[in-house]
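Q: here is my input; please provide its structure:
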Amino acid sequence: MSGREAFKINGHVIEAGTRRTVEVPVSTLSDHTPVTLSVHVIHGKKPGPVMFVSAAVHGDEVIGVEVVRRLLKAKALKSMAGTLMAIPIVNTYGFHNHSRYLPDRRDLNRCFPGVSEGSMASRLAHIFMEEVVRRADVGIDLHSAAIHRLNLPQIRLTPGNDTLAELGRAFGAPVMLPSKLREGSLRMAAEAAGVDVLLYEGGEGLRFDELAARAGVSGILRVMQHLKMIGGKGVPKVRHAPVLARESHWYRAPVGGVFRCFVPIGAAVSRGDVMGAISDPFGEAEREVICDGRGIVIGRSNMPTVYEGDALFHVADTPRADHAAEGVNAHMEAAPLYDEDEII
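A: Numbers count the residues shown, from 1 in each chain. Sure thing, here's the model as predicted:
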């Protein structure tokens, strides 16, 4: 028997060396169906950090759900030190409705830290902060692009946070990008509570993406290894060091029309490169979308029809774009991280 104390959450007791899914009451639907926050807790026999991994804060960003599913099957977790709290679906309402938002049309990621007697979103944010975030030392929050857009696997960092920069390098996504804290976001509320949170972006809304899933699972395992929660056996090594981009910006549609994309996600682009073109349905007039700097495409639209001003390409500015593109290719060419019969 381990001498480590049990982990307690919402009245449930998880003994050292065991794991359990805990249902935290949130609310009831209008037909009186109960809504809960499902938290899977793995409480290791050995002492170590408490980490949470959360997904689907935006209900339509489902790639994180798959990342968490694969993570919980990883063999490396069987002899884990510390404690892992895995929450595959934070925004249950949005997940069931294939929506980014809650039924009251609020964005959960603008409602933290929340209050116990506020709106539906505010109450859910409060419960998540109290039952999960404040119990943790560090967190990883999984996101994707919105619907009709695709994101390259990437880590968003709070500027000036050296701890997160170190964890981001351990995660090993192709690109790391500084991202200011937004009022009401989980990251801002968590950092105010003394809990550093890595933000992972990859894939697209309402879709599974194999590259994003692989990068997410392997990145979380690397962070856990870095924190000495797990050993190195079965943890994929970083093939290319992440590129730290200085900033990023969107290229928008100069006109409305039929959009044709010429560069894939993860491509290195330079000044003068034609990234795409927009024409009228008859092909009588055409406008090119031309790169005016140097960087790597970390996000793009999947929509073939666009309005003037629509966001088309998200480019991270970096002089090492070719190096970052090599890292993307290394991710895409890697062997699958798991097999259903023999998990890492």
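Q: show me the shaky parts of the stretch 1-150 of the chain.
A: Flagging of the stretch 1-150 of the chain using pLDDT under 70 yields the residue ranges 1-2.
Q: could you pull out the buried residues of the strand or helix carrying residue 42?
A: Assigned by DSSP states H and E, residue 42 falls within strand 34-43. Buried residues in strand 34-43, defined by neighbour count with 16 or more other CB atoms under 10 Å: 37, 39-43. (Each C-beta comes from the backbone N, C-alpha and C, glycine too.)
Q: need the contact list for the residue nearest the centre of the chain.
A: Geometric centre of the chain, nearest residue: residue 142, 2.3 Å, by CA atoms, centre = their mean. Each residue near residue 142 by CB atoms under 8 Å, 6 or more residues apart in numbering is listed here: 53-55, 61, 63-64, 67-68, 200, 202, 216.
Q: again, only this time at 7 Å
A: 53-55, 64, 67, 200, 216 (CB atoms under 7 Å, 6 or more residues apart in numbering).
Q: circling back: ok, then the element right after the strand holding residue 42?
A: Heading C-terminal from strand 34-43 (DSSP H and E), you reach strand 46-55.
Q: can you list the strands that that next one pairs with?
A: Next to strand 46-55 in the sheet, as set by DSSP bridges, lie strand 81-87 (parallel), strand 138-143 (parallel).
Q: which outside residues touch that strand?
A: Against strand 46-55 from outside (CB under 7 Å, 6+ apart): 4, 64-65, 67-68, 71, 81-90, 132-133, 135-142, 220, 224, 227-229.
Q: next one: stretch 157-177
A: Stretch 157-177 is contacted from outside by 152-156, 178-181, 187, 191, 196, 198, 200, 215, 219, 222-223, 226, 238, 242-245, 248, 266, 296, 298, 316, 324, 327-328, 331, using CB under 7 Å, 6+ apart.
Q: mean confidence (pLDDT) on that stretch, please.
A: Across stretch 157-177, pLDDT averages out at 95.
Q: and it, C-alpha only, in PDB?
A: What follows is stretch 157-177 as a C-alpha-only set of coordinates in PDB (Å, rounded to 0.1, in the frame of the first residue of the first chain):
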ATOM      1  CA  LEU A 157       2.300  31.100 -24.800                       C
ATOM      2  CA  THR A 158       1.600  33.900 -22.400                       C
ATOM      3  CA  PRO A 159       4.300  36.600 -23.200                       C
ATOM      4  CA  GLY A 160       7.000  36.700 -20.500                       C
ATOM      5  CA  ASN A 161       6.100  33.500 -18.800                       C
ATOM      6  CA  ASP A 162       9.300  31.500 -18.700                       C
ATOM      7  CA  THR A 163       7.700  28.400 -17.100                       C
ATOM      8  CA  LEU A 164       5.200  28.100 -20.000                       C
ATOM      9  CA  ALA A 165       8.000  28.600 -22.600                       C
ATOM     10  CA  GLU A 166       9.900  25.700 -21.000                       C
ATOM     11  CA  LEU A 167       6.800  23.500 -21.100                       C
ATOM     12  CA  GLY A 168       6.000  24.600 -24.600                       C
ATOM     13  CA  ARG A 169       9.500  23.500 -25.800                       C
ATOM     14  CA  ALA A 170       8.900  20.100 -24.000                       C
ATOM     15  CA  PHE A 171       5.500  19.800 -25.700                       C
ATOM     16  CA  GLY A 172       7.300  19.900 -29.100                       C
ATOM     17  CA  ALA A 173       4.600  21.300 -31.400                       C
ATOM     18  CA  PRO A 174       6.000  22.600 -34.700                       C
ATOM     19  CA  VAL A 175       5.300  26.300 -33.700                       C
ATOM     20  CA  MET A 176       5.100  28.300 -30.500                       C
ATOM     21  CA  LEU A 177       3.400  31.700 -30.700                       C
END
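Q: what about stretch 291-304, how long is it end to end?
A: Using CA to CA, to the nearest Å, one end of stretch 291-304 lies 19 Å from the other.
Q: okay, now residue 319: neighbour count?
A: As a burial measure, residue 319 scores 12 neighbours (other CB atoms under 10 Å).
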